[in-house]
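**Student:** Make a model of this:
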Amino acid sequence: MEIRNATMEDFDLAFDYIEKLWTYNTYDKSVIEKVYKEVLENDDDFAFFLFDEGKPRGFCHGTYFNTFWLSGLTCYVSSIITNEEDRGKGYGVKLMDHAKVLAKEKGCRGIVLDSGMPRKGAHRFYEIYGFEKNAFCFDLLLD
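**Tutor:** Below is the predicted model:
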């Protein structure tokens, strides 16, 4: 298995993963490409892929920010996605393990994430991995 930092050349692959995760949303590819570019250029963001046997198996993106909640630098994993046919094969663990290494290297006090209500399988994965349910996530879209 190989972890590879995301590059602009990987945008189409990243976009495919993004569409797989949030199937109930529609995306303007040019807008997502701009966001993706900004992520790659920001030292407070990370994005990487997991490859196995030469094939992409997953994608992870996150950011670092200060919170009062964890009293310091916090890692927010905003996207962790594996291929549906590859779930249960340990790829999600490898992605999360690498995000955890990055968070520790950055000096984070913890990792937080949120997950859509219908994603019961993902919730089981997070709990088995060691995350605890402790909040609800709310969105307020701005015009």
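**Student:** now the helices for this structure?
**Tutor:** Ranges of helices in the chain, per DSSP state H, are 11-21, 29-41, 91-106, 120-129.
**Student:** The residue nearest the centre of the chain: what's it in contact with?
**Tutor:** Closest to where the C-alpha atoms of the chain average out (CA atoms, centre = their mean) is residue 79, at 2.4 Å. By CB atoms under 8 Å, 6 or more residues apart in numbering, residue 79 lies in contact with 17, 18, 21, 59, 60, 61, 62. All C-beta atoms are positioned from the backbone trio N, CA, C, and that covers glycine.
**Student:** gap between the second one and residue 110?
**Tutor:** Distance check for residue 18 against residue 110: by CB to CB, to the nearest Å, it reads 25 Å.
**Student:** Look at the two and report which has more neighbours.
**Tutor:** Neighbours per residue (other CB atoms under 10 Å) separate residue 18 from residue 110, with residue 18 holding more: 19 against 15.
**Student:** one step back: flag the least confident of the contacts of residue 79.
**Tutor:** Minimum pLDDT for these is recorded at residue 21 (80).
**Student:** Quick check: closest non-adjacent residue to that residue.
**Tutor:** Spatial nearest neighbour of residue 21, excluding adjacent residues (CB to CB, 6 or more residues apart in numbering): residue 81 at 4.7 Å.
**Student:** Output the below-cut-off pLDDT ranges for the chain.
**Tutor:** Nowhere does the chain drop to pLDDT under 70.
**Student:** Just grab the bridge partners of residue 62 for me.
**Tutor:** Beta bridges link residue 62 to residue 46, residue 77 when assigned by DSSP bridges.
**Student:** Identify the residues contacting it.
**Tutor:** By CB under 8 Å, 6+ apart, the contact list for residue 62 reads 45, 46, 47, 75, 76, 77, 78, 79, 99, 102, 103, 111.
**Student:** Distance check, the nearest residue to the third one once chain neighbours are set aside against residue 141.
**Tutor:** Excluding its sequence neighbours, the residue lying closest to residue 47 (CB to CB, 6+ apart) is residue 6, at 3.8 Å. According to CB to CB, residue 6 and residue 141 sit 26 Å apart.
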